[in-house]
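>>> got a sequence here, can you build the structure:
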Amino acid sequence: MGGKDLIEQEEIYSKVLRAGRRTYFFDVRSTKAGDYYLTITESKKFTHDDGSFHYKKHKIYLYKEDFSAFREIMEEMMDYIIDEKGNEVISERHQKDFKKEDEPSENGSTAENFTDIDFDDI
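Okay, the predicted model is just below:
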């Protein structure tokens, strides 16, 4: 079996989630015995002062025997975070241009007065 056959055997199904500077890769792969497992890779882009960049990657291997417990704990943790902190992304508050919904902007309008326009409407 050549290198190309090995790659085709390992990569069965993939999805990508782009999230700002991070990208998450979800890959179903095949073991030597022909069973499937999941890899989750986080790739984060870092830019140097000279404009060059590099990526740091972290990978999790998740096997079928752990799926149920992993899913249960993952759902519990995500539910806990949403229950405790809601859906608002708090880190956005620390951005220079962040405005609270009821805080007036420079022209005196509030976020409540803003009309949300979808570019498909234009």
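>>> show me what the helix or strand containing residue 75 is packed up against.
Using DSSP states H and E, residue 75 falls within helix 64-85. Under the contact criterion of 3 or more Cβ pairs under 8 Å, 6 or more residues apart in numbering; DSSP states H and E, helix 64-85 touches strand 36-47. Glycine gets a C-beta too; all of them are placed from N, C-alpha and C.
>>> the strand it packs on - which strands sit beside it in the sheet, and in what orientation?
Strand 36-47 has its sheet partners listed here by DSSP bridges as strand 22-30 (antiparallel), strand 53-63 (antiparallel).
>>> follow-up on the earlier one: just the CA atoms of the helix holding residue 75, as PDB, please.
Presented in PDB, the C-alpha positions along helix 64-85 are these (Å, rounded to 0.1, in the frame of the first residue of the first chain):
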ATOM      1  CA  LYS A  64     -15.300   5.400  20.400                       C
ATOM      2  CA  GLU A  65     -15.000   3.800  23.800                       C
ATOM      3  CA  ASP A  66     -14.800   7.400  25.200                       C
ATOM      4  CA  PHE A  67     -17.500   9.100  23.100                       C
ATOM      5  CA  SER A  68     -20.300   8.700  25.600                       C
ATOM      6  CA  ALA A  69     -18.500  10.000  28.600                       C
ATOM      7  CA  PHE A  70     -16.800  12.800  26.500                       C
ATOM      8  CA  ARG A  71     -20.100  14.000  25.100                       C
ATOM      9  CA  GLU A  72     -21.800  13.900  28.500                       C
ATOM     10  CA  ILE A  73     -19.000  16.000  30.100                       C
ATOM     11  CA  MET A  74     -18.700  18.400  27.200                       C
ATOM     12  CA  GLU A  75     -22.500  19.000  27.200                       C
ATOM     13  CA  GLU A  76     -22.500  19.500  31.000                       C
ATOM     14  CA  MET A  77     -19.600  22.000  30.800                       C
ATOM     15  CA  MET A  78     -21.200  24.000  27.900                       C
ATOM     16  CA  ASP A  79     -24.600  24.000  29.700                       C
ATOM     17  CA  TYR A  80     -22.800  25.200  32.900                       C
ATOM     18  CA  ILE A  81     -21.100  28.100  31.100                       C
ATOM     19  CA  ILE A  82     -24.300  29.200  29.300                       C
ATOM     20  CA  ASP A  83     -26.300  28.900  32.600                       C
ATOM     21  CA  GLU A  84     -23.700  30.900  34.500                       C
ATOM     22  CA  LYS A  85     -22.700  33.500  32.000                       C
END
